[in-house]
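Student: everything below, folded, please.
(2 chains)
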Amino acid sequence: MNLPLLSLTIWLPIIGGLWVIFAGSKVHSQASRNDALVISVATFVLSLMLYQGFDNSTAAMQFVERVPWIPQFGINYAVGIDGFALPLILLTTFTTVFVVLAAWEVIQERVSLYMGSFLVLEGLMVGVFSALDAILFYVFWEAMLIPMFLAIGIWGGPRRVYATIKFFLYTFLGSVFMLVALLYLYFKGGTFEIAGLHDAMLTLTEQKWIFFAFFLAFAVKIPMWPVHTWLPDAHVEAPTGGSVILAAIMLKMGGYGFIRFSLPITPDGANALDWLIILLSLVAVVYIGFVAIVQQDMKKLIAYSSISHMGFVTLGFFVGFQIFAKTQDWGGAAMGLEGGMVQMISHGLVSAALFLCVGVVYDRMHSRMISDYGGVVNKMPVFAAFMLLFAMANCGLPGTSGFVGEFLVILSVFQANFWYAFFAALTLILGAAYTLWMYKRVIFGAVANDNVQTLTDVNGREKFILAVLAVSVLALGLYPAPLLEMMQPSVSELVAHISQSKIP
Amino acid sequence: MSDIGLVIPEASLTTLACLVLMVDVFRGGRTWLITFWAGVLSVLLVLLTITVWFPIQSSTAFYQTVQIDVMSAVLKAFVLVMVMMSFFYAKEYFEQQARAIPEFFVLALFATLGMMVLISAGSLVTVYLGLELLSLSLYAMVAMDRDSVKASEAAMKYFILGALASGMLLYGMSMIYGVTGTLDLALIAEQSTADEKTLLLVFGLAFMLTGIAFKLGVAPFHMWVPDVYQGASTPVTLFISSAPKLAAFALAMRVLTEGLSGLVVDWQQMLMILAVLSMAIGNIVAIAQTNIKRMLAYSTVAHMGFLLLGLIAANALGYAGAMFYAIVYSLTSMGAFGAVIVLSRKGQDGEQLSDFAGLSKRSPWIAFLILVLMFSLAGVPPFAGFWAKWFVLKELVGAGYVWLAAVAVFFSIIGAFYYLRVVKLMYFDEPMRHDGLAASSDMRLVFSVNSLAIVALGILPGSLMSVCEKALLAF
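Tutor: The predicted structure follows:
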């Protein structure tokens, strides 16, 4: 029998999550936790089956399912995955298991709603990565805001209401203009199928406008400087699980959007406006890197570090046009795209791990302020070792996953312009500066105060989470080939597509 | 079919409404539940006549004063469904307050008759007849709560401004009659083609549009909306905000796209101004409200502005989008006012934003249903409100008004804020009281059905969309 694997991966967590929410109020909260864990692990197993059956040799969409949804307007429930979507889906299902585990003892209030929201969120995110229909994509994209809005608002820190409304309105602002652009494209291309939109012919002016509308939606999500201000607020106030999902997956949706929509639909617009993206990316890398150094709050520091790292992703995605202009070769563009993708996956793992680390000490001390800590290594040696690894990965130390993406991007950027590469490479210094300085102040030194004195080291559950993440970070750093092979055909296909002008 | 055969629904509603009136006179008072059930039964019977004699093609009756087409039948059916649901909400409210006003049901039936006449109007006379029957019933319904100062004030304002608007409408009609020499909408359309446009005709249009804008409640003719919505007792507000919006849509369709189709460029421009103003004023002023009924009133203003965008597209699909919007909005708005009834307790309506505080802890299910309604009003998928906006925007972009679509989505971001605030109150704030809700299990059932319909329409909007498309095939 041919199982609709992809649909199962989308709908199992959504329906399971709703079930956990509505069944949960009647049973003991432990049952909700168990159910959520079972569902998230089952979803992860399903996504592994997708990986198992995935064919690395083709750029075509796989596991395609197509059912008419609103037939009179040609809207289908169409899902499928390629080399860009699969890694991100794996990242999503993988991370959600840890989100559920991380909340095991910490969340005591309204457990069923918490667990359920994150499961629904997981399904919607997988939906975003696998939608082949623009409207289906938009529905998943927007629906995602609802559980996240609740998660930050209910379980967040003291300024959670401000943060969550800001988060919602910012992302809503970005996406509604994307909706208008999609509708416009429908009348140009005659279809809502994303692949069909890729072939629509558009004049340069149209492309610039559409590119700009997409840019708003995706730049807010990534987030790029100067529309990044919601992220530090949302991250700081969100519960640990919320921060992990935000950093590990939600930010990646912006990057995914650039790959799936902006680049292939408006290649000439992207070509004409790539200077803007490159400029904003470099500002994010350098300026936000400096901003991160002076943060007093650990979560805020990691949030700024995320913005800085995501600057690398957009830099890698959009630098290809200038490389081609200089070398007449699209190889550099492919390398930039691959670098950006690897960077996304790696940052997903590393930032999730760092937020979980902060969550571990926050649960014990109820403070995120760096100044409240000091000498943690004396009381929590195992934890300190894990955190050191993740801090190093965040700096881009060779051997960790952080290195691969950054290296590929810098290498490709170098072909375009020396100064781009120079500024981008500053991140190796800045990243080390803010991450390691924070690490030093929190972990090393003498025991700073009585609160630190009472700390106990990580328990078995926490150790398991951190160990699995540590192994993945190292594995991806030492042997990134499976990931690169998975996306290779899709990257070449995309490069071949954007190398052709779509101006009629 | 004979003339009388075509108006069986209207004829039977007239008879039944009079019968219910009699029932109320002789058996009313303490046993008002009889009136209620008689009202529900009447609505069901009329609904049955519509489905039995569902028109396959368009036809006219009584010298073209009445026209029966697919659009009219579909709209009437939805009007009747909404009216029936609002009866159930009203019953609950009356039981809760232990103070019933059985005339509510009689007046509502007459208002329904007015809506049906308006929907089927084929000439300016029937337009006016239907409109006045509807409006006069509504004035009386608002005034029904005679011990309440607010209700009396609201009724007075509604009546005076409504009379003024009717005067404007009549004045416009007289001008159009003066130019074309006929009251028949089809003949007016023949007489007022774009080549024969005169200044007087445009003036007539402007005055009639003022009247229509007043009935729809779009800015700058929206002043009565907040006062009436807040002042009237909640079941009356619920009634006004749901079914009559469908009738107002039909009014705009009959007059603008049938009668004055020659002046399409003129009314498109006028509607643009009205739509943009409504979305701006409605959404921005709603932010400052602390009374939920008043907030929803301003939200209505904004939504009616959005609905007009579908008419601006000026093609069959655009009208279908506007019709879809009207149906979805009526249903959602009914649910939102239904929430106020659900949260009410004896002697006190649940209309302050603070009544919503911490609701998710007191009743997670009801809180979830209200969350659905609020996100639907804000236009967030996967709820029906998103598809309503989507449909209208799509046709607007298709007609070439991309900038207008951008303006519309911009204001809906502002609008999202005050809907989010309700969700924030329910989920993030601590409850101010800790007892359960006073709502009966019947009420919970009706409210659940209402909200879940929004979810169902959000997940599978296709069938209602195609109903709307087929209804407007003739345009």
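Student: was I right about residue B:103 contacting residue B:24?
Tutor: Yes - assessed by C-beta atoms under 8 Å, residue B:103 is found in contact with residue B:24 at 6.8 Å. Backbone N, C-alpha and C define where each C-beta goes, glycine included.
Student: between these two, tell me which one has more neighbours.
Tutor: Set residue B:103 next to residue B:24 and count neighbours by other C-beta atoms under 10 Å in any protein chain shown: residue B:24 wins out with 22 against 16.
Student: now the more buried one: closest residue in space that isn't a chain neighbour?
Tutor: residue B:35 (4.6 Å; C-beta to C-beta, 6 or more residues apart in numbering or on different chains).
Student: please apply the same query to residue B:435.
Tutor: Counting by C-beta to C-beta, 6+ apart, residue B:362 is the residue found nearest to residue B:435 once chain neighbours are left out, at 7.6 Å.
Student: any idea which element the residue nearest to residue B:24 lies in?
Tutor: Element membership for residue B:35, per DSSP states H and E: helix B:32-52.
Student: ok, residues contacting that helix?
Tutor: If you take C-beta atoms under 8 Å, 6 or more residues apart in numbering or on different chains as the criterion, helix B:32-52 is touched by B:8-9, B:12-13, B:16-17, B:19-20, B:23-24, B:27-28, B:73, B:76-77, B:80-81, B:83-84, B:87-88, B:90-91, B:94, B:100, B:102, B:105-106, B:108-109, B:112.
Student: one more time with 7 Å, if that's ok
Tutor: Residues from elsewhere that reach helix B:32-52, judged by C-beta atoms under 7 Å, 6 or more residues apart in numbering or on different chains: B:8-9, B:12-13, B:16-17, B:20, B:23-24, B:27-28, B:73, B:76-77, B:80, B:83-84, B:87, B:91, B:100, B:102, B:105, B:109.
Student: in that helix, what's buried?
Tutor: For helix B:32-52, the buried set under the neighbour-count rule, 16 or more other C-beta atoms under 10 Å in any protein chain shown, comprises B:32, B:34-36, B:38-40, B:42-43, B:45-47, B:49-50.
Student: any idea which of those residues is closest to chain A?
Tutor: Proximity of the buried residues of helix B:32-52 to chain A (C-beta to the nearest C-beta) peaks at residue B:50, which lies at 24.2 Å.
Student: check contacts around whichever residue of the stretch 101-250 of chain B sits closest to chain A.
Tutor: In the stretch 101-250 of chain B, the residue found nearest to chain A is residue B:249; the distance is 20.8 Å by C-beta to the nearest C-beta. For residue B:249, the contact set (C-beta under 7 Å, 6+ apart) comprises B:307, B:322-323, B:326.
Student: go again using 6 Å as the cut-off
Tutor: By C-beta atoms under 6 Å, 6 or more residues apart in numbering or on different chains, residue B:249 lies in contact with residue B:326.
Student: again with residue B:388
Tutor: Residue B:388 neighbours (C-beta under 6 Å, 6+ apart): B:324-325, B:328.
Student: check residue A:493 too.
Tutor: Residue A:493 is in contact with residue A:59, counting by C-beta under 6 Å, 6+ apart.
Student: please determine how far it is located from chain B.
Tutor: According to C-beta to the nearest C-beta, to the nearest Å, residue A:493 stands 29 Å off from chain B.
Student: check that residue and give its pLDDT.
Tutor: Note for residue A:493: predicted pLDDT of 85.
Student: any idea how far the one helix or strand it maps to is from the middle of the chain?
Tutor: If you go by DSSP H and E, residue A:493 is part of helix A:481-498. Relative to the mean C-alpha coordinate of its chain, helix A:481-498 is positioned 19 Å out (C-alpha atoms, centre = their mean, to the nearest Å).
Student: quick revisit: turn the buried residues of helix B:32-52 into a markdown table, including pLDDT.
Tutor: Shown next, in a markdown table, are the buried residues of helix B:32-52 (pLDDT from 0 to 100):
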| residue | pLDDT |
| --- | --- |
| B:32 | 82 |
| B:34 | 85 |
| B:35 | 86 |
| B:36 | 88 |
| B:38 | 88 |
| B:39 | 90 |
| B:40 | 91 |
| B:42 | 92 |
| B:43 | 92 |
| B:45 | 93 |
| B:46 | 92 |
| B:47 | 91 |
| B:49 | 90 |
| B:50 | 90 |
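Student: that older thread, surely the residue nearest to residue B:435 touches residue B:430?
Tutor: No - between residue B:362 and residue B:430 there is no contact under C-beta atoms under 6 Å: 10.8 Å.
Student: neighbours of residue B:421, how many?
Tutor: Neighbourhood size, residue B:421 [other C-beta under 10 Å]: 19.
Student: which residue is the nearest non-sequential neighbour of it?
Tutor: residue B:353 is the one closest to residue B:421 (C-beta to C-beta, 6+ apart), at 7.3 Å.
Student: about what we covered before: let me know the pLDDT of the residue of the stretch 101-250 of chain B closest to chain A.
Tutor: 91.
Student: let's verify it: helix, strand, or coil?
Tutor: The three-state label given to residue B:249 by DSSP: H, G, I helix; E, B strand; the rest coil is helix.
Student: cool, residue A:503 as well?
Tutor: Under three-state DSSP, residue A:503 falls in the coil class.
Student: residue contacts, it?
Tutor: If you count contacts by C-beta under 6 Å, 6+ apart, then residue A:503 has A:204, A:268 around it.
Student: on that earlier part again, which of the contacts of residue B:388 fall within helices?
Tutor: Members of the contacts of residue B:388 lying in helices (criterion: DSSP state H): B:324-325, B:328.
Student: dump the residue contacts of the residue of the stretch 201-350 of chain B found nearest chain A.
Tutor: Nearest residue of the stretch 201-350 of chain B to chain A, counting by C-beta to the nearest C-beta: residue B:317, 9.4 Å away. Contacts for residue B:317 (C-beta under 6 Å, 6+ apart) come out as residue B:395.
Student: quick check: next helix or strand after the helix or strand in which it is found?
Tutor: With elements taken from DSSP H and E, the one containing residue B:317 is helix B:316-343. Per DSSP H and E, the first helix or strand lying C-terminal to helix B:316-343 is helix B:359-362.
Student: show me what that following helix is packed up against.
Tutor: Judged by 3 or more C-beta pairs under 6 Å, 6 or more residues apart in numbering or on different chains; DSSP states H and E, the packing partners of helix B:359-362 are helix B:402-428.
Student: and the closest residue to residue A:446 other than its chain neighbours, what does it touch?
Tutor: Spatial nearest neighbour of residue A:446, chain neighbours left out: residue A:375 (5.0 Å); criterion: C-beta to C-beta, 6+ apart. Residue A:375 is in contact with A:445-448, A:452, counting by C-beta under 6 Å, 6+ apart.
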